[in-house]
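In: No letters, just coordinates:
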C-alpha cells in the first residue's frame, strides 16, 4: 500500500484521464471505476483527490467508499 500526503492525493482528481482517489478515515480508495465519480466529481457535491471523512457525515447514504479498492493510506 502506498502512503499519500494530502498534496499527493490532490493529484488523483479524476480529471484529464487521471485516476480518481478519495480518502476516508485515513484510507485511500480508487473510485475511478464508478460512474458516480465520472470526471472526479460526485453528484456535484464532492471532488476526488480529497479527504472526504468530514464531508461524509453530511452524505444522505451509508458508507460506500469502502466498497472500492483500497490503494493506500493518508499520512
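Out: Sure thing, it's come through. Values in this document were obtained by computation on a predicted structure and should not be read as measured data. Residues are numbered from 1 along each chain as shown.

In: Hmm, residue 29 and residue 71 touching each other?
Out: Yes: with contacts counted by CB atoms under 8 Å, residue 71 reaches residue 29, the gap being 6.7 Å. All C-beta spots, glycine's among them, are computed from the backbone N, C-alpha and C.

In: ok, those two, which is more surrounded?
Out: residue 29 (22 against 16; other CB atoms under 10 Å).

In: and that one, what helix or strand is that in?
Out: Here residue 29, judged by DSSP states H and E, is contained in strand 27-30.

In: contacts for the helix or strand that comes right after that strand?
Out: Downstream of strand 27-30, the next assigned helix or strand under DSSP H and E is strand 41-42. For strand 41-42, contacts defined as CB atoms under 8 Å, 6 or more residues apart in numbering pick out 14, 31, 36, 47-48.

In: so what's residue 50 up against?
Out: Taking CB under 8 Å, 6+ apart, one finds 9-10, 22-23 in contact with residue 50.

In: mind running it again at 7 Å?
Out: 9, 22 (CB atoms under 7 Å, 6 or more residues apart in numbering).

In: Centre of the chain to the lowest-mean-pLDDT helix or strand in the chain, how far?
Out: The weakest-scoring helix or strand in the chain, judged by mean pLDDT, DSSP states H and E, is helix 53-56 (a mean of 82). With CA atoms, centre = their mean, to the nearest Å as the basis, helix 53-56 stands 11 Å off its chain's centre.
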